[in-house]
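1. return a 3D structure for these sequence lines:
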Amino acid sequence: MKTLHLKTASPLTIIEQISMLLDGELSTIEGETTLHLDNDLTIGSISCMNLENGISYLGYDVLFHQDIQMVHESVEGCPIYFTYASQGVSRTSSDFGTSRVTNIL
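-> Numbers count the residues shown, from 1 in each chain. The predicted model follows:
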């Protein structure tokens, strides 16, 4: 299982970090930034957009060819995250004592 360690609160910085870790290509159109992935580990895209009132959207449309663990260490004062899988399986765990959220996609 490959583990990705993400240390940020900004959705844009999250996909920039994932781009570096998974060798993806970024593009931005009309305020929406998209990470395009196509390699031996994964295929698909991750997109993000900042909306009004400090709300941000981060969407994953990705097929991983092996189990991936994303360890997201948020900074203090980090916003609330909602995670769900519209297809496939996503296992999510949280540790509020250390502000750590782990998503296994």
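2. could you pull out the strands for this structure?
-> Assigned by DSSP state E, the chain shows strands spanning 2-7, 25-29, 32-38, 42-50, 56-64, 68-73, 91-95, 100-104.
3. nearest to residue 17 among these would be which one?
-> Taking C-beta to C-beta, strand 2-7 is the member of those nearest to residue 17, at 5.3 Å. Glycine gets a C-beta too; all of them are placed from N, C-alpha and C.
4. from residue 33, how far off is residue 10?
-> 11 Å (C-beta to C-beta, to the nearest Å).
5. settle it for me: which of those two has more neighbours?
-> residue 33 (19 against 16; other C-beta atoms under 10 Å).
6. from residue 39, how far out is residue 72?
-> 22 Å.
7. between these two, which has more neighbouring residues?
-> Using other C-beta under 10 Å as the criterion, residue 72 and residue 39 rank with residue 72 on top: 21 against 10.
8. isn't that one right next to residue 11, touching?
-> No: at 10.9 Å, residue 72 does not count as touching residue 11 under the criterion of C-beta atoms under 8 Å.
9. who's in contact with residue 11?
-> 48, 50, 56-58 (C-beta atoms under 8 Å, 6 or more residues apart in numbering).
10. give me the buried subset of those.
-> Using 16 or more other C-beta atoms under 10 Å as the burial test, the contacts of residue 11 include 48, 58 as buried.
11. could I get the contacts of residue 11 as CSV with pLDDT and distance to residue 5?
-> Below are the contacts of residue 11 laid out as CSV (pLDDT from 0 to 100; distance: C-beta to C-beta, whole Å):
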residue, pLDDT, distance to residue 5
48, 90, 19
50, 84, 24
56, 82, 20
57, 83, 23
58, 85, 17
